[in-house]
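Asker: sequence first, then the predicted structure:
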Amino acid sequence: MPPLIVPESFALVLAACAPCFTAPTYRLFCHLVAGWLHCPGRHTITGVALAAGAGIVGWRHISAFHRFFGRATWEPDALGKVVFTLALRWLGTGAPIVLLVDDSLTRKEGKAIALGSMHHDPLLSTRHRPFSRFGHVWVVLAVWLPLPFGVVGGPRGVAVPVVFRLFAGSKRGNRRDAASRATSGTRYARAQAAFPADVAQRPTKPELAREAIALVAGWAATLAPERTVYIVGDSAYVNRTTIEDRPANVELLGPLHPDAALFAPPPPRQPGQNGRPRTRGAQQPSPTAQAHARRPDTWHRLPVTLYGRTVTPLVFRGTALWYSVLRTAPLRYVVVRDPSGRRRDAAFCCTDLGVSSAFLLETYATRWTLEVTFWLLKGWLGFEEPQNQTERAVRRTAPFAGLVFALIVLWYAGELQAGRAATWVARPWYRRKAAPSFADVLASFRQQGITAAIAAVHSCPAGFLVPPCPRRRRQKSHITRHLSRAAPA
């Protein structure tokens, strides 16, 4: 087997993933991870296989790397559980588990791409003119870790993805024939058959998020039963689908609509009262109305650290029943005002009534690290570049890229803690750089990986680096086949 171009310490991280695979598949997995991190260009399967080192293609046929995603026996959720287990050691004693949920569009081209559909493109759309794009939308659940380095900028923590769910839109798209490519052929028919036509087979984004939350909450209840799990999402994931009937160890945190209809808790039932029990009390003013009616001297100044900076906004908090979202229990909410007046008032809520205002605001600010993770996945690890055409390969390849990102981030954090991580080259024009970026993480991995591979080559016998290609089976000639078919008289 060709040498693995990864550092020895990273090989120990890969060893934690071995129970998720069979022995032959695990060897392919190790080389694919190495190739994914060493690949300099587009992260296609063939490009990743070539980047895994000399002799890889001769060692195994190129179709073996495609079968790893399309047919091999392994599940991304099993790898996600390994990543989640490794991530727990970076949380402080008694610290809660903060899970970030959001979705991202991976743009695709080609009629034979399985499970592709038309989706809203937030980068091309404007307020007055929306745009749609063909591709895949992934609902991602990530663990926020206060790691001792910042992936981009300062030390703001890192969002480590653990669970991926594919959202299928209602419109398949790409049905009109082009002059050079007609809507026919086996691959196109297979992609059309893989697309779920029934609405019941296409869960919504909040439903996919609820499924992922229940999965990770079960892992947390088994591995860390004493910790509370806080789910942080934007307004698309703060709704009845994700909040009601959530696991017992889960609390949800997110934005509160400025004009939300808030109510007091239902009054106690009086003796002899007829009719069904009341489900809500008197209606209260909305967060916007409360902010306008509040006197300036009744706002409180609260020093908090948001996005790596210490700020002092004006806040006030309250407790109310947001009946349209959670009908059975009240929420704790905080209204925030910018003292300079440059930003609009905002409101945030949490299902845990015991949290402080500072914890609520600082925890919600960690949600931005997931957007940074999406940006790094697409820019450095080819999150949207593979053009898989089978359903199983589509459901595995993009999560594989996200889990590779998680593994290298956890590895580099361990290197920093042990004092073995290579420092970045000092650049005088970067005056505010105080922590390594993801480019520095990749550079450190590649340097150590190539050094380890060279050492392994010198310690191996000659010819080990480039094993011979498997011999082709000898084909019978036309005359031999004709004579073998002739029956004896």
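Answerer: Structure received. Note that the coordinates shown come from a computational prediction; the quantities given were computed from them, not determined experimentally. Numbers count the residues shown, from 1 in each chain.

Asker: helices of the stretch 301-450 of the chain, start to end?
Answerer: According to DSSP state H, counting those that start in this stretch, the stretch 301-450 of the chain carries its helices in the segments 357-365, 368-380, 391-418, 438-458.

Asker: okay, the ones you listed in CSV with distance to Gln290 and mean pLDDT next?
Answerer: Where C-beta positions appear, they are placed from N, C-alpha and C, glycine not excepted. As requested, the helices of the stretch 301-450 of the chain are exported to CSV (distance: least, CB to CB, whole Å; pLDDT from 0 to 100):
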stretch, distance to Gln290, mean pLDDT
helix 357-365, 15, 97
helix 368-380, 26, 95
helix 391-418, 40, 95
helix 438-458, 42, 87
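
Asker: do you know which of those helices lies nearest Leu223?
Answerer: Nearest of these to Leu223, taken as CB to CB: helix 391-418 at 15.4 Å.

Asker: buried ones in the closest one?
Answerer: Neighbour counts using 16 or more other CB atoms under 10 Å place 391, 393-416 of helix 391-418 among the buried residues.

Asker: and the helices of the stretch 301-450 of the chain: which comes nearest Glu109?
Answerer: Per CB to CB, nearest to Glu109 of those: helix 391-418, 14.1 Å.

Asker: tell me what angle the closest one forms with helix 438-458.
Answerer: Taking axes from the mean of the first three to the mean of the last three CA atoms, to 10 degrees, helix 391-418 and helix 438-458 form an angle of 90 degrees between their directions.

Asker: by contact count, what packs against helix 391-418?
Answerer: Secondary-structure packing of helix 391-418 (3 or more CB pairs under 8 Å, 6 or more residues apart in numbering; DSSP states H and E): helix 8-15, helix 23-38, helix 62-70, helix 76-88, strand 132-145, strand 158-167, helix 368-380, helix 438-458.

Asker: which outside residues touch the fourth one?
Answerer: Yep, that's helix 76-88 we're talking about. 13, 16-17, 19-20, 97, 143, 145, 160-164, 215-216, 219-220, 223-224, 395-396, 399-400, 403, 406-407, 410 (CB atoms under 8 Å, 6 or more residues apart in numbering).

Asker: likewise for the first one?
Answerer: Surrounding helix 8-15, the residues in contact under the criterion CB under 8 Å, 6+ apart are 4, 6, 29-30, 33, 86, 407-408, 410-411, 414-415, 418, 420, 445, 448-449, 452.

Asker: give me the spatial nearest neighbour of Asp352, chain neighbours excluded.
Answerer: Glu251 (4.2 Å; CB to CB, 6 or more residues apart in numbering).

Asker: and the helix or strand the one you found falls within, what does it pack onto?
Answerer: Using DSSP states H and E, Glu251 falls within strand 250-255. Judged by 3+ CB pairs under 8 Å, 6+ apart, the packing partners of strand 250-255 are strand 229-232, strand 346-350, helix 357-365.

Asker: let me see the mean pLDDT of it.
Answerer: Averaging pLDDT along strand 250-255 gives 98.

Asker: and it, which strands flank it?
Answerer: Its sheet considered, strand 250-255 pairs with strand 229-232 (parallel), strand 346-350 (antiparallel) by DSSP bridges.
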